[in-house]
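**Student:** for reference, the sequence and a predicted model appear below.
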Amino acid sequence: MQTVDQKTANKMITTVPAKVIDLGKLDGQLEGQRLTSNIQELDRVLGGGIMCGSLILLGGEPGIGKSTLVAQTADTIGRNAQVIYASGEESAGQIKVRFDRLGVKAGNIKFLNETNAEKIIATIKELKPALVIIDSIQTIYSSSIAGEAGNINQIRGSTVNFLEAAKTHNIAIILIGHITKDGSLAGPKSLEHIVDTVLYLETETNHGYRILRATKNRFGSINEIGIFEMTSSGFKEITNSSSVFIEPNQNFTGSVISCVIEGTRPFLIEVQALVTKTVFGYPQRKASGFDLNRLQVLIAVLTKRAGLNLANQDVILNVVGGLKISDPSLDLAVCSAIASSLLNQTVGNKTIVLGEVGLGGEIRQIARIEQRLNEAGKLGFIKAIVPANDYVPKKIKLVKIKNVQEIIKLITG
């Protein structure tokens with residue numbers, strides 16, 4: 001009588017080997033085709049367009065504009081190829097009303113009012129569209145999985161089925177996912193390792209702009225961001241992002257203009273600081289859009305190296321526009337804004353401040369400074385405070401400094 005191990009070994013011997021593909025002989029151009037949406041901000045975040053055969057997860061809070069963005073994407077791609085829009089949340093009539101409001105031409109867009117994953121995939125195999133949109137993954141269920149639509153097993157199982165369909169038929173699929181009450185993507189981390197790309201739409205509550213960023217992208221960088229303005233007729237691209245986050249004619253204490261780089265694009269932002277005497281208890285440190293721990297470090301550097309007395313002062317910092325910035329080139333601008341507010345002296349609305357600050361109070365070099373200065377020059381800035389180095393000024397006057405003491409002298413002088 002055979003043992004269990006012997007039976008298992010016999011099965012392994014009779015198993016047919018998998019097909020091996022020689023990557024050296026594979027035409028990469030055919031496998032790497034992209035669908036261009038003609039929405040430049042979206043294409044930039046995706047790495048040049050929607051990769052054929054990719055599975056994309058688009059997340060965001062309710063009402064932020066996920067369905068609007070995919071509708072406009074379906075419109076541009078649907079002009080040259082077939083698109084399937086599957087929705088379990090809205091009827092065909094409701095979708096058509098929204099499409100009409102957004103000016104979407106529904107010529108090549110086929111609507112599918114279905115929530116069964118197997119039926120949707122069967123339709124995909126039959127019609128072979130260029131793009132499929134699932135609105136939303138929480139409403140989809142698979143007949144082979146126990147449980148109701150929306151539970152974690154159904155979401156994961158349905159997503160795996162769509163991934164297989166995307167890879168097998170080289171069809172791009174976009175899944176819309178909602179943000180839950182705790183601020184995470186519904187079906188959260190369990191989907192991120194399955195899909196190829198994870199996109200998030202973000203905004204501040206009282207801000208009219210939407211920021212699209214990728215937290216995972218197998219076919220491009222995750223450092224790019226796209227900026228949109230929400231209008232009554234849908235999303236409008238913001239191509240000159242620097243004009244969004246600064247007020248060129250605004251000039252008051254505690255306000256400093258700097259330049260950050262997200263991906264390949266530089267844009268100017270305004271840093272605001274408010275320094276007031278502590279009324280009760282320990283001094284408060286608050287930051288919006290900037291790392292609070294980094295703010296604490298910079299305050300300590302200003303106190304120790306520049307001689308500013310901040311031990312009895314509340315410091316509140318804000319990056320205008322709802323952006324969350326981690327670029328170290330913003331350090332010197334933050335220090336300048338704090339000093340400007342404390343000393344009640346303006347920096348100047350035609351001056352840009354760039355530089356990283358070390359613990360010794362030294363101003364350290366930053367990456368791609370020429371690109372940042374060129375962007376400032378285009379917007380009419382005439383002066384830049386930068387780390388000391390052999391930069392060649394072009395359209396803008398450079399003031400080179402070596403430490404934080406020098407920035408204090410410039411502000412007070």
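**Tutor:** Thanks, I have it.

**Student:** what residues are up against the residue lying closest to residue 102 once chain neighbours are set aside?
**Tutor:** Leaving aside its sequence neighbours, residue 102 sits nearest to residue 234 (CB to CB, 6 or more residues apart in numbering; 4.4 Å). Bear in mind the C-beta positions are built from the backbone N, C-alpha and C, glycine included. Under the criterion of CB atoms under 8 Å, 6 or more residues apart in numbering, the neighbours of residue 234 are 68, 71, 72, 102, 103.

**Student:** residue 329 contacts residue 354, doesn't it?
**Tutor:** Yes - taking contact to mean CB atoms under 8 Å, the distance of 5.5 Å between residue 329 and residue 354 places them in contact.

**Student:** between these two, what contacts are shared?
**Tutor:** Common neighbours of residue 329 and residue 354 (CB under 8 Å, 6+ apart) are 258, 259, 366, 372.

**Student:** can you tell me which of those is nearest residue 282?
**Tutor:** For residue 282, the nearest member of the shared contacts of residue 329 and residue 354 is residue 258. The distance, counting by CB to CB, is 28.7 Å.

**Student:** in stretch 84-97, what counts as buried?
**Tutor:** In terms of neighbour count (16 or more other CB atoms under 10 Å), stretch 84-97 has its buried residues at 84, 85, 86, 87, 88, 90, 95.

**Student:** secondary structure for the residues you listed - can I get that in a markdown table?
**Tutor:** Formatted as a markdown table, the entries for the buried residues of stretch 84-97 read as follows, by DSSP: H, G, I helix; E, B strand; the rest coil:
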| residue | secondary structure |
| --- | --- |
| 84 | strand |
| 85 | strand |
| 86 | strand |
| 87 | strand |
| 88 | coil |
| 90 | coil |
| 95 | helix |
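
**Student:** which residue in the residues you listed has the weakest pLDDT?
**Tutor:** Within the buried residues of stretch 84-97, pLDDT reaches its minimum at residue 88, with 87.

**Student:** pretty sure that residue sits against residue 140.
**Tutor:** Yes - because the distance of 6.6 Å satisfies CB under 8 Å, residue 88 is recorded as touching residue 140.

**Student:** shared neighbours, these two?
**Tutor:** Residues within reach of residue 88 and of residue 140 at once, by CB under 8 Å, 6+ apart, are 115, 149.

**Student:** can you say which of the contacts of residue 234 are buried?
**Tutor:** Using 16+ other CB under 10 Å as the burial test, the contacts of residue 234 include 68, 71, 72, 102 as buried.

**Student:** which one of those residues is nearest to residue 275?
**Tutor:** Residue 275 lies nearest to residue 68 out of the buried ones among the contacts of residue 234, by CB to CB, at 40.8 Å.

**Student:** tell me what the strand or helix carrying that closest one is packed against?
**Tutor:** Assignment of secondary structure by DSSP states H and E places residue 68 within helix 66-78. For helix 66-78, the helices and strands in contact under the criterion 3 or more CB pairs under 8 Å, 6 or more residues apart in numbering; DSSP states H and E are strand 55-60, strand 83-87, helix 92-102, strand 109-112, strand 131-135, strand 172-178, strand 234-237.

**Student:** recalculate using a threshold of 6 Å.
**Tutor:** Applying 3 or more CB pairs under 6 Å, 6 or more residues apart in numbering; DSSP states H and E, we find helix 66-78 packed against strand 83-87, strand 131-135, strand 234-237.

**Student:** among those strands, which comes closest to residue 53?
**Tutor:** Closest of those to residue 53 is strand 131-135, at 11.2 Å (criterion: CB to CB).

**Student:** no further questions, thank you.
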